[in-house]
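Q: What shape does this take:
(chains A and B)
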Amino acid sequence: MSHYPLVENLFADDAAQEPIRAGFGRGLKAAGEKNEAVVALCADLTDSTQMSKFKEAFPERFVEIGVAEQNLVTVASGMARAGKIPFTSSYAAFSPGRNWEQIRTTIALNDQPVKVVGSHAGVSVGPDGATHQMLEDIALMRVLPNMVVVAPGDSIEAEKATAALAENGKPSYLRLAREKTPIFSTADSPFEVGRAYVLREGSDVTLLGTGTMTYQLLVAAKELDNMGINAEVVHVPTIKPLDKGTILGSVQKTGRVVTAEEAQINGGFGGAVAELLSEELPTPLIRIGIQDRFGESGEPNELLDHFGLTGGKIASKVKQFVDTTPQYHKGF
Amino acid sequence: MVGKAEKLSVTELRHKAYTLREDVIKMLEHAGSGHSAGPLGLAEIFASLYFDILHYDPKNPEWSERDYFFLSNGHCVPIQYAAMAEAGFFPKDELLTLRKLGSRLQGHPERTKLPGLENTSGPLGSGLSQAAGVAHTLQHIDKQLHRWVYVVTGDGELDEGNIWEAAMFAGKYKLSQLIVFVDRNNIQIDGMTDDVMPLEDLHGKWESFGWHVQEIDGHNIESIIDAASMARAITNKPSVIISHTIPGKGVDFMEYDYHWHGTPPNSEQAKAALHKLRTLDGKIRGEHE
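A: Next up is the predicted model:
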């Protein structure tokens, strides 16, 4: 297995943090420099979604749509028909929250390479509350045929993911978070759409994380070490298509699985993993994420703690799981 | 304007419209489901589009110099399929595969299935904004000012919010290469548009969104062609042509009756309809009678 480079001072108090959306902003500008066909459309949230960098560099290829998310994605579908590679951005609660049918018909079924970018996903949006904390977007997008779904783990990876989606020729969803997120990957860390990466090897349990939760799993794994549990951490930035080989390979070894996401576990990333394992390799599983309820106002870190999504809370849950659940091994 | 395709005289276009109607009746009867009223009412507009107005090459649907045509009210696609078959995009025999398993002629149009379609539609209200996306690209990014983007929408479809988002967008960006025919036939599934959700003042609505507005008799070939020509001459705004049509036009027992919105004719009704069409409602003797 190739080694995945992690930043060195991962757990230091002064470890680097940056909003994942900032990486998208840089990646989109770079994609625009590389390919003239890349265009960007926004629904009145240009700074907030970090599309402003692209807008400043390529004003003629930026289209302000106004607060009209249905028009946002359908105009983008038309621009794709005219040969462009459109990136649309808004908050995930509004796009794909409000315009799902337009995405289904004019992008997914119509098979146009529009990139729907949903920023401010998850509870860590914070004080804005449940209306703006999009938790259902993974489920909504991964159910669509033709659609690729990517939730980068940090801003460095978001930059790479943006570049990759600009070139993949497919309808795609890119899920971004608002708050500063610790950076775990480096410029040399690999990213390929459809690939999952083992960040840390272990033998007692597989922790599968997507988006902002991968860093929390690294924190949890460190705490679990102190509890005598050797956890393997696998980062799964592409939720669709899932990297079955890497996931099954790890699960086969550890015989216990935990998924973590800042989204509804029902239909979300945990749902996707449960579907895979129940058909290919039934294994004891717990899903960490939002448990069939809406979010609420609060400070981002407060909310992560409240919903059990911090490394510490996750470690306790994993400990309990490991203590009460025998490892499943094939042939069992 | 037809580019590499056949262009017809006004008289020939009138006949072509009736041929398209016959094709639609045969297709719907064979399919056993589908929409009758809208497609019949659009026959003159589609005859004019495919045999006079649009610039395209049926042998090379992706031709880089073509005009774009977006059907926003996808349920009216039988009339588009009929026009495309008559224009040579695919063999006429294939029309009878409409709505059948494995057919390229899906019940509602799918771009990826049939070359020559620009979009996938059915859920209403999104074709206009896709067309606006193309028009914006041609006008403001690629600077291809000699290509046009035509759209057909229904009138019931104008209940959709997405339409007015697109209308505002096209007005803002002065998308003068965008030309929209609204099929003003006054019916939708639940009844008359005035009863379901009144649209008037429709002319004033579009005007207030920054559009150039014309109103025509949507069965008059010369009016259709002249209005499209006028729309192309307007260089500072998008154009809408409110086309007053009779739903079910050409088949007396279907005309004006909203019950035919989503219903196909059975074989008796199809026979009667074809008789009406071939004899121009009894005014002449049908060729095949």
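Q: B:Asn162 touches A:Gln70, doesn't it?
A: Yes - B:Asn162 lies in contact with A:Gln70 (Cβ atoms under 8 Å); the separation is 4.3 Å. Bear in mind the C-beta positions are built from the backbone N, C-alpha and C, glycine included.
Q: joint contacts of the two?
A: A:102, B:125-126, B:129 (Cβ atoms under 8 Å, 6 or more residues apart in numbering or on different chains).
Q: So which of the residues you listed are in strands?
A: Using DSSP state E, no member of the shared contacts of B:Asn162 and A:Gln70 falls in strands.
Q: out of these, who has the most neighbours?
A: B:Ser126 (34 neighbours; other Cβ atoms under 10 Å in any protein chain shown).
Q: I'd say that one and A:Ala76 touch.
A: No - the pair B:Ser126 / A:Ala76 is not scored as a contact, 11.3 Å apart, by Cβ under 8 Å.
Q: How many residues are close by whatever residue of chain B ends up closest to chain A?
A: Relative to chain A, the nearest point of chain B is B:Gly133 (2.3 Å; Cβ to the nearest Cβ). The tally of other residues near B:Gly133 (other Cβ under 10 Å) stands at 34.
Q: again, but for A:Asp188
A: 8.
Q: I'd like the distance from the residue of chain B closest to chain A to A:Ser77, if you could.
A: Noted for B:Gly133: a distance of 6 Å to A:Ser77, by Cβ to Cβ, to the nearest Å.
Q: Show me the common contact partners of the two, please.
A: A:Pro86.
Q: And stretch B:6-13, end to end?
A: When the termini of stretch B:6-13 are compared using Cα to Cα, to the nearest Å, they are 11 Å apart.
Q: any chance you could map the strands in the stretch 101-250 of chain B?
A: B:149-154, B:178-184, B:187-188, B:191-192, B:212-217, B:239-244 (DSSP state E, counting those that start in this stretch).
Q: scratch that, the stretch 201-332 of chain A is what I was asking about
A: Going by DSSP E, counting those that start in this stretch, the stretch 201-332 of chain A shows strands at A:205-209, A:231-235, A:238-240, A:257-264, A:285-290.
Q: orientation of the fourth one relative to strand A:205-209 in degrees?
A: Between the direction of strand A:257-264 and that of strand A:205-209, the angle (axes from the mean of the first three to the mean of the last three Cα atoms, to 10 degrees) works out to 20 degrees.
Q: List the neighbouring strands of strand A:257-264 plus their orientation.
A: Strand pairing for strand A:257-264, using DSSP bridges, gives strand A:205-209 (parallel), strand A:285-290 (parallel).
Q: Can you tell me which of those strands is packed in deepest?
A: For the strands paired with strand A:257-264, the largest average neighbour count (mean count of other Cβ atoms under 10 Å in any protein chain shown) is found in strand A:205-209, namely a mean of 29.
Q: contact partners of that one?
A: A:153, A:196, A:215-217, A:220-221, A:224, A:229, A:231-236, A:247, A:250-251, A:253-254, A:256-261, A:269, A:273, A:314, A:318, A:321-322.
Q: Pull the number of nearby residues for the closest residue to chain B within chain A.
A: Relative to chain B, the nearest point of chain A is A:Gly78 (2.3 Å; Cβ to the nearest Cβ). Neighbour count for A:Gly78, taken as other Cβ under 10 Å: 31.
Q: Check which helix or strand it maps to.
A: A:Gly78 belongs to helix A:69-81 when assigned by DSSP states H and E.
Q: Show me how far that helix is from its chain's centre.
A: Offset of helix A:69-81 from its chain centre (Cα atoms, centre = their mean, to the nearest Å): 23 Å.
Q: how much does that helix deviate in direction from strand B:149-154?
A: Going by the same axes, to 10 degrees, helix A:69-81 makes 140 degrees with strand B:149-154.
Q: Which other helices and strands does helix A:69-81 contact?
A: Packing partners of helix A:69-81 (3 or more Cβ pairs under 8 Å, 6 or more residues apart in numbering or on different chains; DSSP states H and E): strand A:38-42, strand A:85-91, helix A:100-102, helix B:127-136, helix B:161-172.
Q: contacting residues for the residue most central in space within chain A?
A: Centroid-nearest residue in chain A, with Cα atoms, centre = their mean: A:Ala151, separated by 1.7 Å. By Cβ under 8 Å, 6+ apart, the residues touching A:Ala151 are A:121, A:138, A:174-175, A:210-211, A:237, A:239, A:261, A:269.
Q: Now distance to A:Glu18 and mean pLDDT too, for the strands paired with strand A:257-264, in TSV please.
A: Formatted as TSV, these follow (distance: least, Cβ to Cβ, whole Å; pLDDT from 0 to 100):
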stretch	distance to A:Glu18	mean pLDDT
strand A:205-209	18	98
strand A:285-290	23	98
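Q: would CSV of the ones you listed with distance to A:Gln327 be doable?
A: As requested, these are exported to CSV (distance: least, Cβ to Cβ, whole Å):
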stretch, distance to A:Gln327
strand A:205-209, 8
strand A:285-290, 13
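Q: and B:Leu280, what pLDDT?
A: The confidence metric pLDDT takes the value 69 at B:Leu280.
Q: burial measure for residue 130, as a count.
A: Let's take chain A. With neighbours defined by other Cβ under 10 Å, the count for A:Ala130 comes to 15.
Q: my question was about chain B
A: So B:Gln130, with other Cβ under 10 Å, has 36 neighbours.
Q: same deal with A:Ile239?
A: A:Ile239, neighbours per other Cβ under 10 Å, totals 27.
Q: wait, isn't it in contact with A:Arg142?
A: Yes - between A:Ile239 and A:Arg142 there is a contact under Cβ under 8 Å: 5.6 Å.
Q: Can you pull the residues that touch both of the two?
A: Contacts common to A:Ile239 and A:Arg142, judged by Cβ under 8 Å, 6+ apart, are A:149, A:272.
Q: Please list the residues of the stretch 1-150 of chain B that sit near chain A.
A: B:68, B:70, B:110-112, B:118-123, B:125-126, B:129-138, B:140-142 (Cβ under 8 Å from any Cβ of the partner chain).
Q: Selecting buried members of those in ChimeraX, what would you type?
A: Selection of buried members from those for ChimeraX, criterion 16 or more other Cβ atoms under 10 Å in any protein chain shown:
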select /B:68,70,110,111,118,119,120,121,122,123,125,126,129,130,131,132,133,134,135,136,137,138,141
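Q: Would you convert the strands of the stretch 101-250 of chain B into CSV that also reports mean pLDDT, mean neighbour count and distance to A:Ile65?
A: Listed next are these as CSV, based on pLDDT from 0 to 100; neighbours: other Cβ atoms under 10 Å in any protein chain shown; distance: least, Cβ to Cβ, whole Å:
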stretch, mean pLDDT, mean neighbour count, distance to A:Ile65
strand B:149-154, 98, 28, 18
strand B:178-184, 98, 27, 16
strand B:187-188, 94, 24, 28
strand B:191-192, 94, 14, 34
strand B:212-217, 98, 18, 22
strand B:239-244, 98, 24, 20
